[in-house]
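Trainee: Let me see the structure of the following:
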Amino acid sequence: MRRALDISSIALLIRASMRERTFTTRIIPRRALFTVDLVLLAPRGKHLMLLLARAASNGTKERWLLPCDGPKKGESVESVAQRIVRAAAGSDVTWFEQAGAYGDRKRHAVQADVSICFVGVVPAQTSSAAGYEWHPLGDLPPLPPRQAGMVEGALIEVRDRMDYAPVAFRLLPTEFTLSELQQTYEMLLGRRLHKASFRRSLQAAWLVEPTDEWRSEGRGRPAQLFRYAPRRRRGNRRGVRFDLLGEGRSRG
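Mentor: Sure thing, here's the model as predicted:
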């Protein structure tokens, strides 16, 4: 599990990066720079989408980047990330976590020494501001090497936390069917889950409660609507154990 970094930790990373450069070059070190880079995810149908910013083009080939920016005076890294979200998507995130710090020598979009990566999710209906577009995770354009690594790391972070954090529920309306919930879990995990095992594990985790509402899902009987309502239990409440769920053909 990656540890969240504060400003002092970031400064140590930057100084370490600058010391490394003094051993390999004889130039006068420039002012160190760090950015906050955002991996923002949203569902579109059965696909998970990533928000990208269109970079200034030299007229040859269109370039895309993760939304990123440096801090303004007095801003925390969390405040920078939230500002980027509002500028790019016009809304606040429904789930948000720091996903790590990257101080490697891989090329960054604005040549930052250190990049702090945040990952967030927003509901399906979230739009994008001018200069930004949603791209399917399975068909992304080339990204700068460091940012490509951030996308991979952010997805790992999301999937690691889904066992105990309500990430999937933040992508759904207040009331949903169990089929919609399973499809959202599958979308975030990138793999299919066995229907009966998923529902048994969901019941054992005490995460949802039924409502008195039902909705038609095409042919067959209507499906009951549920809401996210974790019940308090003695001891530590465990989440849905995905490691115990095999793949299945049914996604209904």
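
Trainee: Give me the domain ranges for this protein.
Mentor: Taking automatic domain parsing as the criterion, the chain consists of the domains 7-161, 168-244.

Trainee: Any regions of this structure where pLDDT drops low?
Mentor: Within the chain, the ranges that satisfy pLDDT under 70 run 1-32, 57-60, 106, 109, 232-252.

Trainee: ok so, going back, deepest of the domains of the chain, which one?
Mentor: For those, the stretch with the most neighbours on average is domain 7-161, a mean of 17; neighbours defined as mean count of other Cβ atoms under 10 Å. Quick note: C-beta positions are derived from backbone N, CA and C, even for glycine.

Trainee: Residue 211: what's it in contact with?
Mentor: By Cβ atoms under 8 Å, 6 or more residues apart in numbering, the contact set of residue 211 is 175, 224-227.

Trainee: Show me the two of those that sit farthest apart.
Mentor: Of all pairs drawn from these, the one with the longest distance (Cβ to Cβ) is 224 and 227, at 10.9 Å.

Trainee: Do a quick rundown of the helices in the stretch 51-200 of the chain.
Mentor: 77-89, 145-161, 178-189, 195-205 (DSSP state H, counting those that start in this stretch).

Trainee: hmm, back to that, so which of the contacts of residue 211 is the closest to residue 213?
Mentor: residue 225 (4.3 Å).

Trainee: I'd assumed residue 177 was in contact with that closest one.
Mentor: Yes - checked against Cβ atoms under 8 Å, the pair residue 225 and residue 177 is within contact range at 6.2 Å.

Trainee: For the two, list the residues in contact with both.
Mentor: residue 215.

Trainee: so of the contacts of residue 211, which ones are in helices?
Mentor: Among these, no member is found in helices (DSSP state H).

Trainee: just checking, what's the longest strand in the chain?
Mentor: strand 34-44 (DSSP state E).

Trainee: Let's see that one as PDB, backbone CA atoms only.
Mentor: Output of strand 34-44 as PDB, limited to C-alpha atoms (Å, rounded to 0.1, in the frame of the first residue of the first chain):
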ATOM      1  CA  PHE A  34       6.500  18.900  -9.000                       C
ATOM      2  CA  THR A  35       3.000  18.400 -10.400                       C
ATOM      3  CA  VAL A  36      -0.200  16.800  -9.400                       C
ATOM      4  CA  ASP A  37      -1.400  14.400 -12.200                       C
ATOM      5  CA  LEU A  38      -5.000  13.100 -12.300                       C
ATOM      6  CA  VAL A  39      -6.300   9.700 -13.300                       C
ATOM      7  CA  LEU A  40     -10.000  10.300 -13.500                       C
ATOM      8  CA  LEU A  41     -12.300   7.400 -14.400                       C
ATOM      9  CA  ALA A  42     -16.000   7.200 -15.400                       C
ATOM     10  CA  PRO A  43     -18.200   4.400 -16.800                       C
ATOM     11  CA  ARG A  44     -19.700   4.600 -20.300                       C
END
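
Trainee: packing partners for it?
Mentor: Helices and strands touching strand 34-44, by 3 or more Cβ pairs under 8 Å, 6 or more residues apart in numbering; DSSP states H and E, are helix 7-24, strand 47-54, strand 68-69, helix 77-89, strand 114-121, strand 132-136, helix 145-161, helix 178-189.

Trainee: Which strands border that strand, and is each parallel or antiparallel?
Mentor: Sheet partners assigned to strand 34-44 using DSSP bridges are listed as strand 47-54 (antiparallel), strand 68-69 (antiparallel), strand 114-121 (parallel).

Trainee: Run the chain-centre distance for the last one.
Mentor: In terms of Cα atoms, centre = their mean, to the nearest Å, the centre of strand 114-121 is found 8 Å from the chain centre.

Trainee: ok, now stretch 92-111?
Mentor: In terms of Cα atoms, centre = their mean, the centre of stretch 92-111 is found 11 Å from the chain centre.
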